[in-house]
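Enquirer: Would you be able to build a 3D model of this:
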Amino acid sequence: MGGLGVKRASNPVETKNVNFPLPAQSRAATPADRRRHPRQALAKAAKVTDGQGIRFWSAETVDVSDSGLLLAIRGEDGSPGPLPGSWIRVGVAWGGQGFLRESDMSSAKVIRALRGPDGTINVAVELKTAQAVARRAA
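Expert: Just a heads-up that it's a prediction; the model follows:
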């Protein structure tokens, strides 16, 4: 079962209870990475909803790739956040806009979700349709 041991710091998705900034440059996927596409560190405001659009969370991207995102969800209300295996909708304020429309949202599957000591939930998601996210974000 998932103990509280310290894991490799080279992959923030696998690091439990640690929140740290990533290098600004893009880095290619390594054999230890689970992502198929290179990722790019990027902090942008985001909105996450459960699959039914009932539950909403404020979030921020940590890094992005063409097929997924690592999100930091503010979990101050004590909710478990999105659960691994569940489908959610994610919208990212790529242009810094303060309001995201339904057309800005994309379907994504939650791959991993880890809660940090400050209540932040780091959620790795795979987008239903691979997009040129990293290129659009640059």
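
Enquirer: Just the helices from the chain, written as ranges.
Expert: Assigned by DSSP state H, the chain shows helices spanning 133-137.

Enquirer: Count the neighbours of the residue nearest to Leu100 when sequence neighbours are not counted for me.
Expert: Nearest in space to Leu100, with sequence neighbours left out and distances taken as CB to CB, 6 or more residues apart in numbering, is Gly91 at 3.9 Å. Heads up, the C-betas are built off the backbone N, CA and C, glycines and all. The number of residues packed near Gly91 is 20, by other CB atoms under 10 Å.

Enquirer: show me what contacts Gly91?
Expert: 46-48, 100-101, 104-106 (CB atoms under 8 Å, 6 or more residues apart in numbering).

Enquirer: If we use 10 Å, what do you get?
Expert: 45-49, 59, 97, 99-106 (CB atoms under 10 Å, 6 or more residues apart in numbering).

Enquirer: Just flag the most distant two among the residues you listed.
Expert: Ala59 and Ser103 (18.4 Å; CB to CB).

Enquirer: Much appreciated, bye for now.
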